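Enquirer: Build the 3D model from these lines:
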Amino acid sequence: MSLAIDTAISTLEILPAVKGPQLVEMPRNIDLYELLPWLPCTLALDIPIVRFTVRHLLSLGVGSIVETAYHQSSDLPLRVNGQLVGWTEFEVVGERLAVRLTDLS
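Expert: Modelled structure (predicted):
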C-alpha cells in the first residue's frame, strides 16, 4: 500500500503545476458559429389551434388538415430549445409551406 502512495506522490511531483483556469487565445477571424455546427437545436413554431381535442390528435395522419386561429397578417413566435428567437410568417415556396423570419427577439 505504501508503494502505491509513494508512486502517486512522485507522479504528482512530475506533473506541472496548474495555476487557475488557462485561457486559450482564439484567432479573431474565426466566426464563433463555425465552431459549433454539430450542436443540435429544436425549432418550435407556436401555432394557435382552435377546438382541438385529444380525439383530433389521435386521428391525425398524413394529409390531415387542422384548422388554426392564425391570421395571415399576424406573426408567429419561433422558439429554439424553448427560448424565443424571433417572429415568423408563413410563405408558400413552390409546393411547400415555409416560414420567413420577420423579426429577431
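
Enquirer: now stretch 96-105, how far from the chain's geometric center?
Expert: The chain centre lies 16 Å from the centre of stretch 96-105; the measure is CA atoms, centre = their mean, to the nearest Å.

Enquirer: Now do the helices in the protein.
Expert: 2-14, 32-35, 54-58 (DSSP state H).

Enquirer: Now the first one: average pLDDT?
Expert: Yep, that's helix 2-14 we're talking about. What helix 2-14 shows for mean pLDDT is 48.

Enquirer: got the contact list for the residue positioned nearest the centre of the chain?
Expert: Nearest to the mean C-alpha position of the chain, by CA atoms, centre = their mean, lies Cys41 at 2.6 Å. Residues counted as contacts of Cys41 (CB atoms under 8 Å, 6 or more residues apart in numbering) are Val80, Asn81. The way it works is simple: take the backbone N, C-alpha and C, and place the C-beta from them, glycine included.

Enquirer: Next, give phi and psi for it.
Expert: The phi and psi values for Cys41, taken as degrees, to the nearest 10, are phi -130, psi 150.
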